[in-house]
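In: generate coordinates for the sequence data below:
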Amino acid sequence: MHAKLAETQAQDPPSPLHKFSFSPLASYECSLEGLRSAYTITMPFTRGGLLFYNKQGHYTLGLSPLVLHWKDQHCSNYFIDTDKDGNVLPQQSLVLRFQAQSGNLVTGDDPPVALAVMPQDFVTTHAESLREGLLLRCVVGEKGLSLDAQGRPLTVDVHLDGLANQRRGGADSFTKILFQYAARHHPLTFEHILETVSLQSSSQVQLVPMNDD
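Out: Numbering: from 1, shown residues only. Predicted coordinates for the structure are as follows:
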């Protein structure tokens, strides 16, 4: 990527041809030393977490299981999702997409993961407004969520909270929902990652500190 940016002159100072210049983010090998550097070294921007990339993969636009975005209170101002004023919400909030044919509320994955089903009487009563693809804001209730042995949702306590911003681009991914749930209950810590990396080879993974802006 660094070589391609240099070839296109995208890193040159702004000019009449391009208003902004591109600055590639620093990257580190996913070793103990690389992890600590990516986590602690001062960056010229507000760090928003770490991105783990599989270097052997081929990437396309959209969600990918080859990239992991991890963060905690130390390396992100928004470890747990907040409201517009920066306050942590009392309940985990998520955005799901309505499927008109099945009545399911699903994630933004491909294929989507169904996390809830609208009651048929509610769908019938609000048939004019519940169109296909409508984005709905929901919250996770006290019973939370649980997974089966294959990592699929087993029980999910989801409650409708209103309409979401329809211009946001899509529903939340299942992994984002799981990460935010874990962050509130049993977060994956930096120490856990260090311990895992110390036990196995990390030559196929690369780290990039993520901009929080």
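In: grab the most central residue of the protein for me.
Out: For the chain, K176 is the residue whose C-alpha lies nearest the centre (CA atoms, centre = their mean; 4.2 Å).
In: pLDDT value on H2, please?
Out: What the model reports as pLDDT for H2 is 71.
In: what sits against it?
Out: P24 (CB atoms under 8 Å, 6 or more residues apart in numbering). The way it works is simple: take the backbone N, C-alpha and C, and place the C-beta from them, glycine included.
In: how far out from the middle of the chain is the helix or strand in which Y53 is found?
Out: Taking DSSP states H and E as the definition, Y53 sits inside strand 47-54. Distance, stretch centre to chain centre, for strand 47-54: 11 Å (CA atoms, centre = their mean, to the nearest Å).
In: still on that earlier bit, doesn't the residue nearest to the centre of the chain fall inside a helix?
Out: Yes - judged by DSSP: H, G, I helix; E, B strand; the rest coil, K176 forms part of a helix.
In: tell me how far it lies from G48.
Out: 14 Å (CB to CB, to the nearest Å).
In: for the protein, which spans come out with low pLDDT?
Out: Applying pLDDT under 70 to the chain flags residues 1, 201-207, 211-213.
In: the longest strand in it is where?
Out: strand 135-147 (DSSP state E).
In: elements contacting it?
Out: Strand 135-147 sits against strand 93-98, strand 153-163, helix 174-185, with contacts defined as 3 or more CB pairs under 8 Å, 6 or more residues apart in numbering; DSSP states H and E.
In: just name the most buried of the ones you listed.
Out: Greatest average neighbour count among the helices and strands packed on strand 135-147 goes to strand 93-98 (a mean of 22), per mean count of other CB atoms under 10 Å.
In: then L5 would be within a helix, right?
Out: Yes - L5: assigned to a helix according to three-state DSSP.
In: and it, how far is that from A149?
Out: Note on L5: its distance to A149, by CB to CB, is 44 Å.
In: of the two, which one has the most company?
Out: Applying other CB atoms under 10 Å to L5 and A149 shows that L5 carries more neighbours, namely 15 against 6.
In: what is the neighbour count of the closest residue to that one other than its chain neighbours?
Out: Excluding the flanking residues, the one nearest L5 by CB to CB, 6 or more residues apart in numbering is Q11, at 5.4 Å. As a burial measure, Q11 scores 12 neighbours (other CB under 10 Å).
In: ok, Q11 touching F22?
Out: Yes - the criterion here is CB atoms under 8 Å, and Q11 meets it with F22 at 5.7 Å.
In: next, show the common contact partners of these two.
Out: L5.
In: what's the helix or strand for P209?
Out: Assessed by DSSP H and E, P209 sits inside strand 205-211.
In: and R36, by the same measure?
Out: helix 32-40.
In: follow-up on the earlier one: can you list the strands that the strand holding Y53 pairs with?
Out: strand 67-70 (antiparallel), strand 205-211 (antiparallel) (DSSP bridges).
In: what angle sits between it and helix 32-40?
Out: 150 degrees (axes from the mean of the first three to the mean of the last three CA atoms, to 10 degrees).
In: ok, now which ones touch V117?
Out: Going by CB under 8 Å, 6+ apart, V117 touches 102-105.
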